[in-house]
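**Student:** Please find the sequence and the predicted model below.
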Amino acid sequence: MKLDINCDMGEEFGRSRWGEDLGIMRWITSVNVACGVHAGDPHVIARTIEGAIRHNVKIGAHPGYPDMQGFGRRSMNLSLKEVYELVLYQVSALEGMTRALGGRLHHVKLHGALYNEAAERPEMAEAVVRAVCDVRDDLILYALSGSALVHIGLEHGLNVAEEVFADRAYLPTGRLAPRDLEGSVLISKDEQLKQTSRLVLEHMVETVDGSEIELAADTLCIHSESPDCLSFLIEVHKWAKQNGVSIEPIEMN
């Protein structure tokens, strides 16, 4: 059994988290780099790409809404054409910077409200997928497990990695619980490890109402800003070794 571990990074300005991010890169297999729209700047983006190359971590673009004050977590009333152009711009920027710095862009994972809305709205998922394909149709699309974005990506011939979360609670629909809902973020390492184990080994998760749903788990998201992120990653590696799970990146076709 294989599992990719991805982490959102490059979401700061200047050097505030750089040493910590480099420590995390030792324990992940793919990184989602903010594209300077919801967060990040050209210098942080470059350092994150360079760090990923040094650590042999797969590099992904992490496009979001242009909402720095809200960290890309607030909905925006954009047309489908605007969504297409927004994703096209950000993925193109990461593709160009990664190539210039000696790497190769591996995947695309949306951020925040854009991620959640494309998971639910097929017409928005269509706009996102067209933008990804128009940059490079061999890019892997990381998408919320079981979502509309998964289905639309597959329909367009993209390689899709179904993503699950260690530290987020789930609704019975399979969507992530809104962050303003009490208990939507799992703080305890024990809770996170228990949820990870069930998702990866059983493809099941308990939802906020106590019911259980089935989800595919190709890649596990870890949030670098989560408390004890680094120590949790070390525990995941121990758990994986004990349970015959090989932590390795998803290979491109």
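**Tutor:** That came in fine, so what should we check first?
**Student:** can you give me the helices for the stretch 101-250 of the chain?
**Tutor:** Under the criterion DSSP state H, counting those that start in this stretch, the stretch 101-250 of the chain contains helices at 112-120, 122-135, 148-155, 189-197, 229-242.
**Student:** In CSV: those, plus distance to Ala52.
**Tutor:** Any C-beta I mention is one placed from the backbone N, CA and C, and that applies to glycine too. Below are the helices of the stretch 101-250 of the chain laid out as CSV (distance: least, CB to CB, whole Å):
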stretch, distance to Ala52
helix 112-120, 20
helix 122-135, 18
helix 148-155, 23
helix 189-197, 23
helix 229-242, 15
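**Student:** thinking Ile142 is in contact with Glu163, fair?
**Tutor:** Actually, residue 142 is Tyr. It isn't Ile. Yes - the criterion here is CB atoms under 8 Å, and Tyr142 meets it with Glu163 at 5.1 Å.
**Student:** Look at the residue lying closest to Gly103 once chain neighbours are set aside and give its secondary structure.
**Tutor:** Take Gly103 and drop its neighbours on the chain: the residue closest to it by CB to CB, 6 or more residues apart in numbering is Ile53, 4.8 Å away. Three-state call for Ile53 (DSSP: H, G, I helix; E, B strand; the rest coil): helix.
**Student:** Next up, the contacts around the residue nearest to Asp41 when sequence neighbours are not counted.
**Tutor:** Closest residue to Asp41 apart from its sequence neighbours, by CB to CB, 6+ apart: Phe13 at 5.2 Å. By CB atoms under 8 Å, 6 or more residues apart in numbering, the residues touching Phe13 are Ala39, Gly40, Asp41, Val44.
**Student:** Distance of the residue nearest to Gly103 relative to Gly102?
**Tutor:** 6 Å (CB to CB, to the nearest Å).
**Student:** and what of Leu193?
**Tutor:** 36 Å.
**Student:** And for Gly72?
**Tutor:** With CB to CB as the criterion, Gly72 and Gly102 are 28 Å apart.
**Student:** And for Asp209?
**Tutor:** Distance from Asp209 to Gly102, by CB to CB: 48 Å.
**Student:** What of Glu225?
**Tutor:** Relative to Gly102, and taking CB to CB, Glu225 is found at 28 Å.
**Student:** More neighbours: these two, which one.
**Tutor:** More crowded of Glu225 and Gly102, by other CB atoms under 10 Å: Glu225, with 12 against 9.
**Student:** Enumerate every residue touching the more buried one.
**Tutor:** Glu11 are the contacts of Glu225 under CB under 8 Å, 6+ apart.
**Student:** again, but for the one 4 residues further on
**Tutor:** For Cys229, the contact set (CB under 8 Å, 6+ apart) comprises Cys7, Ile24, Ile222, His223.
**Student:** Return the subset of those residues lying in strands.
**Tutor:** Cys7, Ile222, His223 (DSSP state E).
**Student:** Quick check, the last one in contact with Asp167.
**Tutor:** Spelled out, that is His223. Yes - His223 lies in contact with Asp167 (CB under 8 Å); the separation is 6.0 Å.
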